[in-house]
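K.L.:
got a structure for you, letters missing:
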């Protein structure tokens, strides 16, 4: 594997499968009475979060602790960034204390690439702007594979704010590289240019998109974007693109419904769907810990090899 | 000043229809004569020009940011003009978005004083269209003109409203002074940071469509038709804008346009590779896609494009060493322009050498109504000596500009600058080009 995990493009299909296989073993650790192994003992991980995040930060921290790493959380408020030091200076200061990993969440696309160029620590991208969120796509793939036993050939439909979604970009790269048939559905104002070049079928018809789907992945709609700017109203969004029980019925009978969170109930997804029998949303959260353990373990392994 | 004779070399002087082996006699800072085998008087210094070099009227970059006053950490008039002459330019026209803005004669005079102190390239200040470049009321344009401004612009932004642009175009008709427009429909541009296309999309960067430029160009060309004013479209990047300019020219509107070397050399695939999110490929207008780049090359070849200008935009390392969306727009250009033009235009067969001299000298002089653009008898002896076959490796470390923000570092190109002469005085000599002045 490369030194850093900045995006799914850094991984070959074999490496993706290796991470998913390793995550199977890691999940077992979480089911023990003593949920801890010494794998990363003596390693230091800094979780550097420039955006508020509950789920991803907690998931990384639990993953790090289960592997016995020493972890440190730094939450930087955007307001202090404006007057304070630059990202590069912050990273170099952290780097001076010799961490092994920096897990970075940042509002700017490519922030991890900047760190990658100046840091010796391994950088794990925990979400950069509207670019990528690779560990989310890995945990999604893990969850899909658990239910469907494969990824190749599945029809996966991603619905919602495609334009601003780093989850979309990572999932598209991962799922297409493993041979899934990926559809993306949303209002034309929220579809990024060039999705077709990434091998994605774009549709503005939710009924067409979900027909015979194996997997439906809902993306969060950011409410501040929705008042007349990209779509006329939240109500109209829900009636046009919201995932309802009726729409789910058009998919395959064993369809699974996914959501990276946080959900807006009644905006992109009806509660009956979110809490329904086909929903695997909480499994995704559980699997996130195992997948992040696998990523840390495999990147740490590369360190040992180099030494 | 004594007489100097430049002997040998190929003289390319399209304004006088010259392209061939001529001698150039300079006397007292002016061109005395251009002819074949000119007699040598006693007291005349003879400079042998190695064969293969080209003598042409001094290059004029009509779009640079010298940053002084106010942003001297990026560039000063002295460092910017040192960069200019090292890049083969004998004159530059500098944009008014300094701090304070060049919207009054005092700032214009300050810039000209700094230029006189530096005593390298000629500096032609460009004034603001509106006071403070705020887009509200016209600046004191006649006073700017009297102080030495050769054009007006609110560069960095378009002129905010159609009415203000109309007034600026009307008012300037009394001086034959162009209004230079940074075309960008602000609401469509939004908070974009890169060309709206596949690469920005894949990298999660907010896009700026080509139409943000062309819509504003169409507005301004229509207003040039209404007022008979002269509009000059700055740093044109989009194929749609080129269509707009062709439409305007076909309707006999007074419209001219310029392109930068980076827009006819680079495309938006540079956003992702070789260095992903390299802030040195962040500029405004952004690098466009291949179809746009190819359209600009066609426009250069067919004469639709009048000028090559660099939009030299120095920024300090600290300002560029940040997240992509937080970095300022712009790259330096003065010291890479000639090499890029030779390598990508002349040697690539896109334009002839005389046409390149029109783009870099004749046309900017005509549009700005400044001296230069020809080697006519009696004209100021502003001369660029170019080395079409010189092997050049671009090195930001060796550049004279105070800032190093160029995406071309390490590029190997064919063609460069041998020497730069302003007012009969050699202000730059490239020792690698085999010329002694």
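P.N.:
Structure's in. What do you need? All figures in this text were calculated on a predicted structure; none of them were measured in a lab.

K.L.:
what residues are up against residue B:120?
P.N.:
Residues in contact with residue B:120 (C-beta atoms under 8 Å, 6 or more residues apart in numbering or on different chains) are B:78, B:81, B:82, B:84, B:85, B:422, B:427, B:428. For glycine as for every other residue, the C-beta is placed from the backbone atoms N, C-alpha and C.

K.L.:
ok, for it, nearest residue in space, not its chain neighbours?
P.N.:
Spatial nearest neighbour of residue B:120, chain neighbours left out: residue B:81 (4.0 Å); criterion: C-beta to C-beta, 6 or more residues apart in numbering or on different chains.

K.L.:
burial count for the one you found?
P.N.:
When neighbours are defined as other C-beta atoms under 10 Å in any protein chain shown, residue B:81 has 30 of them.

K.L.:
neighbouring contacts of the helix or strand harbouring it?
P.N.:
Assigned by DSSP states H and E, residue B:81 belongs to helix B:77-86. Helix B:77-86 is contacted by residues B:61, B:64-68, B:75, B:90-92, B:94, B:111, B:114-115, B:117-118, B:120-121, B:123, B:312, B:314, B:332, B:334-335, B:399-402, B:417, B:420, B:422, B:427-428 when judged by C-beta under 8 Å, 6+ apart.

K.L.:
which among the contacts of residue B:120 end up buried?
P.N.:
Buried members of the contacts of residue B:120, counted by 16 or more other C-beta atoms under 10 Å in any protein chain shown: B:78, B:81, B:82, B:84, B:85, B:422, B:427, B:428.

K.L.:
Now name the helix or strand holding residue 61.
P.N.:
All of this refers to chain A. Going by DSSP H and E, residue A:61 is in helix A:55-66.

K.L.:
right idea, wrong chain: chain B
P.N.:
Per DSSP H and E: strand B:59-64 holds residue B:61.

K.L.:
same check, this time on residue B:296
P.N.:
Counting by DSSP H and E, residue B:296 is found in helix B:290-302.

K.L.:
Contacts (any at all) between chain A and that helix?
P.N.:
No. Contact between helix B:290-302 and chain A is absent, the nearest approach being 13.3 Å (criterion: C-beta under 8 Å from any C-beta of the partner chain).

K.L.:
Go through the contacts of helix B:77-86 and flag which are in strands.
P.N.:
Among those, DSSP state E puts B:61, B:64, B:90, B:91, B:92, B:94, B:123, B:417, B:420, B:422, B:427, B:428 in strands.

K.L.:
Kindly reformat those residues as TSV and extend each row with pLDDT and distance to chain A.
P.N.:
Listed next are the ones in strands among the contacts of helix B:77-86 as TSV, based on pLDDT from 0 to 100; distance: C-beta to the nearest C-beta, whole Å:
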residue	pLDDT	distance to chain A
B:61	98	31
B:64	98	28
B:90	98	39
B:91	98	37
B:92	98	32
B:94	98	29
B:123	98	33
B:417	98	32
B:420	98	36
B:422	98	40
B:427	98	38
B:428	98	34
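
K.L.:
For those, pick the one with the most neighbours.
P.N.:
Counting by other C-beta under 10 Å, top hit in the ones in strands among the contacts of helix B:77-86: residue B:92 with 33 neighbours.

K.L.:
Can you name the residues that contact it?
P.N.:
Contacts of residue B:92 by C-beta under 8 Å, 6+ apart are B:60-62, B:64, B:66, B:80-81, B:84, B:121-124, B:312, B:334.

K.L.:
and it, bridged to which residues?
P.N.:
Residue B:92 has these beta-bridge partners by DSSP bridges: residue B:61, residue B:123.

K.L.:
next one: residue A:158
P.N.:
Applying DSSP bridges, one finds that residue A:158 bridges with residue A:184, residue A:217.

K.L.:
Quick check: it touching residue A:183?
P.N.:
Yes. Using C-beta atoms under 8 Å, residue A:158 is in contact with residue A:183, at 7.0 Å.

K.L.:
so residue A:163 is in which element?
P.N.:
Secondary-structure assignment from DSSP H and E places residue A:163 in no helical or strand segment.

K.L.:
Phi, psi for the closest residue to it other than its chain neighbours please.
P.N.:
Spatial nearest neighbour of residue A:163, chain neighbours left out: residue A:190 (4.5 Å); criterion: C-beta to C-beta, 6+ apart. Dihedral angles phi and psi of residue A:190 (degrees, to the nearest 10) take the values phi -120, psi 20.

K.L.:
Equivalent analysis for residue B:153, please.
P.N.:
Dihedral angles (degrees, to the nearest 10) for residue B:153: phi -160, psi 150.

K.L.:
State the phi and psi torsions of the closest residue to it other than its chain neighbours.
P.N.:
Nearest residue to residue B:153, sequence neighbours excluded (C-beta to C-beta, 6+ apart): residue B:180, at 3.7 Å. Main-chain dihedrals, residue B:180, degrees, to the nearest 10: phi -90, psi 130.

K.L.:
Residue B:180: what's it in contact with?
P.N.:
Counted by C-beta under 8 Å, 6+ apart, residue B:180 has contacts B:62, B:63, B:126, B:151, B:152, B:153, B:155, B:231, B:232, B:234.

K.L.:
Residue B:293 too?
P.N.:
Here residue B:293 is in contact with B:263, B:264, B:265, B:266, B:267 (C-beta under 8 Å, 6+ apart).

K.L.:
Likewise for residue B:206?
P.N.:
A:130, B:190, B:191, B:192, B:193, B:194, B:200, B:325.

K.L.:
mind checking how far the helix holding residue B:81 is from the chain centre?
P.N.:
Centroid separation for helix B:77-86 versus its chain: 13 Å, with C-alpha atoms, centre = their mean, to the nearest Å.

K.L.:
what's the distance between the nearest residue to residue B:137 once chain neighbours are set aside and residue A:141?
P.N.:
Spatial nearest neighbour of residue B:137, excluding adjacent residues (C-beta to C-beta, 6+ apart): residue B:131 at 5.3 Å. Counting by C-beta to C-beta, to the nearest Å, the separation of residue B:131 from residue A:141 is 58 Å.
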